[in-house]
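Asks: Sequence plus the predicted model coming up.
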Amino acid sequence: MEIRHLKMIKEVARQGNLTRAAEFLYLSQSALSHQLREVEEYFKAQIFIRQKKQMLLTDAGRLILESSEKILSELEQTRSRVQLITEKDAGEIRISTECYTSYHWLSSFLSEFKTQFPKVEINIVPDATYNSIQCLLDNKIDIGIVEDNLNPKLNYVRLFGDEFMAIVPPEHSWSNFKWIAPELFYDQNYVMYNIPNEVSTVYNLLFSKGRPRKVYKIALTEAIIQMVKAGIGVAVLPHWVVRPHVESGELIAIPISRKGIKRVWYAATLKNKQVPPYMNVFTRNLAKHLKQSEELAMFECN
C-alpha cells in the first residue's frame, strides 16, 4: 500500500466513475484499474461495486475510505508543520522564563518582532517555568530565559543584568530602609515559589543561619505579588519582574545587603539543533531590545 493507492480510493469514491477519476489523477483507465486491483488484493476484499457506469462503495470500501481520508489529512497536516519548520520566515517559537511567570517585559518586543516575522507564532510554555533547562534539553521549548550559563549542551546569549530585591507593601516597617540584612527575614512570613527550599538559590542565601516565621509556597509570580500587596508576607523577586508594581507605588523594592544579590539573565537554546533563521533573529534582537529598554537599562550589572 502506498499513498497513491489512498488518493486513488478517495478520488474514485468522490467521482463515482473510473474515467473521471483517472482524468483527475492523470492516469490511464487501465493504470487506475490496476491500482484498484492491488488494493483489493492487499485487503482481500472488494472495495467498489461496478453498477452500470457508477462505482459504489462496499461496506469494506467505506471503512477503507474513512481510514484513507484520515491518513491523507494527517499527512497533509504533518507536511504543513514541517514546512513551517523549514521555511525561513514562518513557524513557532516556544519560550519560557526560569522560575518566573511574569511576561510584561516581553510585549513591547513581540510587537516589533511580529512586524518583521508575521508568520511566526510565539507560544509561552508555563509548564517549563520550573525546569527550563531540562525542557530545553528535551526539546519541549526552543528558548529559555535562565539565570546561569553553565550547561555545555546549551548556547547562551547574554540578555541583561538584574538585582533580586526584597518586596514589601508601602505600609511595611521596611519601606524606608536603604537595604535589608538577611537576618531581618527571620521574623517575617516569606512568600516564595512552590519549589523545594534546597533548589532555591535565594532561599539558601537568606536562610543559611535561620528560618522565616512561616513559608507560603505559590506557583505563580502574580499570586506572590498579590500576597505581598495584601501584607501576608514579604518576598524576594528580580526587580525587572516587579518594576510596574513599584512604579505604580503598590510595592516597595529594597536591595538585600549592602552589595545586593545580582544575577545575569541569558537566552538559552539547544546546541546542535537546526533552527530557522528567525530563531536566531529573535534571541539577537531580544538581547538588543532589553539592553536598550528604558525599564531595564538602569539595572544593568557590569
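Replies: Nice, I can see it.
Asks: Low-confidence ranges, this protein, go.
Replies: 80, 83-88, 99-105, 292-302 (pLDDT under 70).
Asks: Mind splitting it into its structural domains?
Replies: 3-86, 93-302 (automatic domain parsing).
Asks: right, so the ones you listed: which one is the most enclosed?
Replies: domain 93-302 (a mean of 17; mean count of other C-beta atoms under 10 Å). C-beta: built from backbone N, CA, C; applies to glycine.
Asks: Asn155 touches Asn272, doesn't it?
Replies: No - if you go by C-beta atoms under 8 Å, Asn155 and Asn272 don't touch, sitting 9.3 Å apart.
Asks: Could you pull out the strands in the stretch 151-300 of the chain for me?
Replies: Secondary structure of the stretch 151-300 of the chain (DSSP state E, counting those that start in this stretch): strands at 154-168, 189-193, 214-218, 234-238, 252-255, 261-270.
Asks: tell me the SS of the residue positioned nearest the centre of the chain?
Replies: Per C-alpha atoms, centre = their mean, the C-alpha nearest to the average position across the chain is that of Arg94, at 2.9 Å. Under the three-state scheme (DSSP: H, G, I helix; E, B strand; the rest coil), Arg94 adopts strand.
Asks: measure it to Asp127 for me?
Replies: Going from Arg94 to Asp127 by C-beta to C-beta, to the nearest Å gives 10 Å.
Asks: and what of Phe43?
Replies: Counting by C-beta to C-beta, the gap from Phe43 to Asp127 is 43 Å.
Asks: Output the contacting helices and strands for the helix or strand harbouring Glu121.
Replies: In this structure, Glu121 is located in strand 119-124 according to DSSP states H and E. For strand 119-124, the contact count by 3 or more C-beta pairs under 8 Å, 6 or more residues apart in numbering; DSSP states H and E identifies strand 90-97, helix 107-116 as packing neighbours.
Asks: contacting residues for the residue nearest to the centre of the chain?
Replies: 123, 125, 140-143 (C-beta atoms under 8 Å, 6 or more residues apart in numbering).
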